[in-house]
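Q: predicted structure and sequence below. I'll ask about it afterward.
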Amino acid sequence: MSGSLSRRWNLGPPAETTTSDEPDGTALLSDHAALQHDTSAADLSLAPRSSLQLLSPLHYQAGYQYPLLVWLHSAGHNERQIEQVMPYISTRNYVGLGVRAPRATDVRGFGFDWSTNPGAAAKACEHVCLAIEQAQAAFSVHPDRIILAGYGSGAAMACQVALLHSDRFAGVVRAGGEFPSSGDAALDFKRLRARRLPMLWLQAANGVDDEPQTLARDISMAQMIRAQVEIRQYQDDDVMNTTALKDIDRWCFDKIISPRPDATRVGDSVVDDADRTMVGFSSN
């Protein structure tokens, strides 16, 4: 992984990049370290604001407007999860932005999650939009190529934020997680039908997020808002594998960065790639 890909957020201009060996796409990003949630803690309070992790693309060029990939992490992790997924998406093609969820899940301060309480999506929108503004201030970002992506609970929140601010995002990537229901009164269905938001859904064929009835409900909801959805399923128990992450880059190019004149439809395909490797995450 390039050292330039792990830069903490600062208010100055991007520093000169240094390079090192990039991952070969077959090894684990890191050993998975499951968080031990302290359910006996008296107060797992809300963080006052989301922290950010901003990643510079390899060989950054200020004269080029980069797509911005905004990553919402899964439960029990934090904004630094983007450091572990970006090398398998692309080290060169995007400015990467990780946003920390506001609800702490452990007393050590490493794990966070996205709240499901009323008003949580609106609060997440504030955090995400503020983070995007800061990324745009630091890097050359194409305003029409901002992609919102997430994993697990972060995928569910990414969908909610994208549906509430569909004109702000060029597309949304959902890796697992749940799709918002049609009962959300905050959604502007007329605007969403006109927008036809591009979406990529990544799901594990044997995973808990790929229950047939739930998937059918989600597809019906996508059809209701006329979203342009592509569904990709993987023969695993969990969607987080190297093939799925690389598919994010391919989809972004085909759909957003260099669109192909393919007919848009809600469809699915099952991907069985022998070279894929499951990805684990370190919580810190």
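A: Structure's in. What do you need? Numbering: from 1, shown residues only.
Q: could you export the helix or strand harbouring Leu68 as CSV, CA atoms only?
A: Using DSSP states H and E, Leu68 sits within strand 66-72. In CSV, the C-alpha atoms belonging to strand 66-72 read as follows (Å, rounded to 0.1, in the frame of the first residue of the first chain):
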residue,chain,number,x,y,z
TYR,A,66,-10.8,13.1,-9.3
PRO,A,67,-14.0,11.1,-8.4
LEU,A,68,-14.5,11.1,-4.7
LEU,A,69,-15.4,7.8,-3.1
VAL,A,70,-17.1,8.3,0.3
TRP,A,71,-17.0,5.2,2.5
LEU,A,72,-19.4,4.5,5.5
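Q: strands paired with it, and their directions?
A: Strand 66-72 pairs in its sheet with strand 95-99 (parallel), strand 141-151 (parallel), by DSSP bridges.
Q: which one of those lies closest to Gln134?
A: Nearest to Gln134, of all these, is strand 95-99, at 8.4 Å by Cβ to Cβ. From N, CA and C alone the C-beta is placed, and that goes for glycine too.
Q: follow-up on the earlier one: buried ones in the strand holding Leu68?
A: Tyr66, Pro67, Leu68, Leu69, Val70, Trp71, Leu72 (16 or more other Cβ atoms under 10 Å).
Q: need those in a markdown table with distance to Val161 and pLDDT, can you?
A: Converted to a markdown table, the buried residues of strand 66-72 look like this (distance: Cβ to Cβ, whole Å; pLDDT from 0 to 100):
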| residue | distance to Val161 | pLDDT |
| --- | --- | --- |
| Tyr66 | 21 | 98 |
| Pro67 | 17 | 98 |
| Leu68 | 14 | 98 |
| Leu69 | 14 | 98 |
| Val70 | 9 | 98 |
| Trp71 | 12 | 98 |
| Leu72 | 8 | 97 |
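Q: in this structure, which spans are strands?
A: 52-55, 66-72, 95-99, 103-104, 112-113, 141-151, 171-175, 198-204, 228-234, 267-271 (DSSP state E).
Q: out of these, which gets the lowest mean score?
A: For the strands of the chain, mean pLDDT drops lowest on strand 267-271, to a mean of 44.
Q: point out the most buried one among the strands of the chain.
A: strand 95-99 (a mean of 29; mean count of other Cβ atoms under 10 Å).
Q: any weak-confidence spans in the stretch 1-150 of the chain?
A: Scanning the stretch 1-150 of the chain for pLDDT under 70 picks out the ranges 1-50.
Q: where along it do the helices fall?
A: Using DSSP state H, counting those that start in this stretch, the helices assigned to the stretch 1-150 of the chain run over residues 81-89, 120-138.
Q: Leu245 is nearest to which of those helices?
A: Leu245 sits nearest to helix 81-89 of all the helices of the stretch 1-150 of the chain, at 3.9 Å, using Cβ to Cβ.
Q: could you export the buried residues of strand 66-72 as JSON lines, including distance to Pro212?
A: Formatted as JSON lines, these follow (distance: Cβ to Cβ, whole Å):
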{"residue": "Tyr66", "distance to Pro212": "38"}
{"residue": "Pro67", "distance to Pro212": "33"}
{"residue": "Leu68", "distance to Pro212": "34"}
{"residue": "Leu69", "distance to Pro212": "30"}
{"residue": "Val70", "distance to Pro212": "30"}
{"residue": "Trp71", "distance to Pro212": "28"}
{"residue": "Leu72", "distance to Pro212": "26"}
